[in-house]
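Enquirer: I'll drop the sequence and a predicted model, then ask my questions.
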Amino acid sequence: MTRLTLDFFHDVVCGWCFNISPRLRKLAGEFDLEIRHRTFVLQDSPAQMAAAFGSPSRAKTVILGHWAACRAASDTPAAFNIDGMRAARFDYPHGLPAALACKAAERLGGQGGHWCMFDALQRAHISEARNITDSAVLSSVAADCGFDIGDFALALTDPATRRQVDSDRSLARRLQVASVPSVIVRETGARLVNGPLEDLRAQLAANLRLVA
């Protein structure tokens, strides 16, 4: 079977990414897919969160409204812990610390390490209402993924890791990516439309026919 290469642009704080990631995992087992994980941080600081939403409380209210829409379209709606995040005593997290954690995991464990970290951080954020801007939470999740905590801490704070996050942003700009999730088939240039598993499967099959 012809291999397809997918660039998967995502942000840990994105509920739609939470929906598509397990679908892509399943499809990777059905098709010969090379999935390249690309960080794409929507807001990279509390200041950007305030600029985008007006205030921290407004940010949480608006984003949890998005979560409700994501939950309605999810294969696992109970995984969206909206009440837990609403009650959490921290502002809604911005995505940069988690993106750095994913890139640190990638440096230590390749694309598989990145995907493990991404999915685990999304569960911590969306299902467990944990503060993924907290370095202790990042370290705990890294340990759950099997990384040595010392090695992870070094990779997390290495300036080269931030450069990789910036490199993904530059690639997104070249490919005209403006939102997440964005999944681009490198061989055809097609952008998959996020939706149910069967729709994604049909889109991949159509792309395979184009390159066969």
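Expert: Nice, thanks for sending it over. Residues are numbered from 1 along each chain as shown.
Enquirer: Tell me which residues touch the residue nearest to residue 122 when sequence neighbours are not counted, please.
Expert: The shortest distance from residue 122 to any non-neighbouring residue, by CB to CB, 6 or more residues apart in numbering, is to residue 18 (4.9 Å). Placement of C-beta: from N, CA and C, glycine included. Contacts for residue 18 (CB atoms under 8 Å, 6 or more residues apart in numbering) come out as 70, 74, 79-80, 122, 126.
Enquirer: The residues you listed in helices, which ones?
Expert: Counting by DSSP state H, the contacts of residue 18 place 70, 122 in helices.
Enquirer: Where does residue 187 sit, in terms of helix or strand?
Expert: Taking DSSP states H and E as the definition, one finds residue 187 inside no helix or strand.
Enquirer: Could I get the contacts of residue 18 in JSON lines, plus columns for pLDDT, neighbour count and distance to residue 182?
Expert: Formatted as JSON lines, the contacts of residue 18 follow (pLDDT from 0 to 100; neighbours: other CB atoms under 10 Å; distance: CB to CB, whole Å):
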{"residue": "70", "pLDDT": "98", "neighbour count": "20", "distance to residue 182": "16"}
{"residue": "74", "pLDDT": "98", "neighbour count": "18", "distance to residue 182": "19"}
{"residue": "79", "pLDDT": "98", "neighbour count": "18", "distance to residue 182": "22"}
{"residue": "80", "pLDDT": "98", "neighbour count": "21", "distance to residue 182": "21"}
{"residue": "122", "pLDDT": "99", "neighbour count": "26", "distance to residue 182": "16"}
{"residue": "126", "pLDDT": "98", "neighbour count": "26", "distance to residue 182": "19"}
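Enquirer: any chance of the contacts of residue 18 in CSV, plus distance to residue 37?
Expert: Listed next are these as CSV, based on distance: CB to CB, whole Å:
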residue, distance to residue 37
70, 20
74, 21
79, 20
80, 22
122, 12
126, 18
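Enquirer: Would you mind identifying the next helix or strand past whichever strand or helix holds residue 8?
Expert: In this structure, residue 8 sits in strand 4-10 according to DSSP H and E. For strand 4-10, the following helix or strand on the C-terminal side (DSSP H and E) is helix 15-30.
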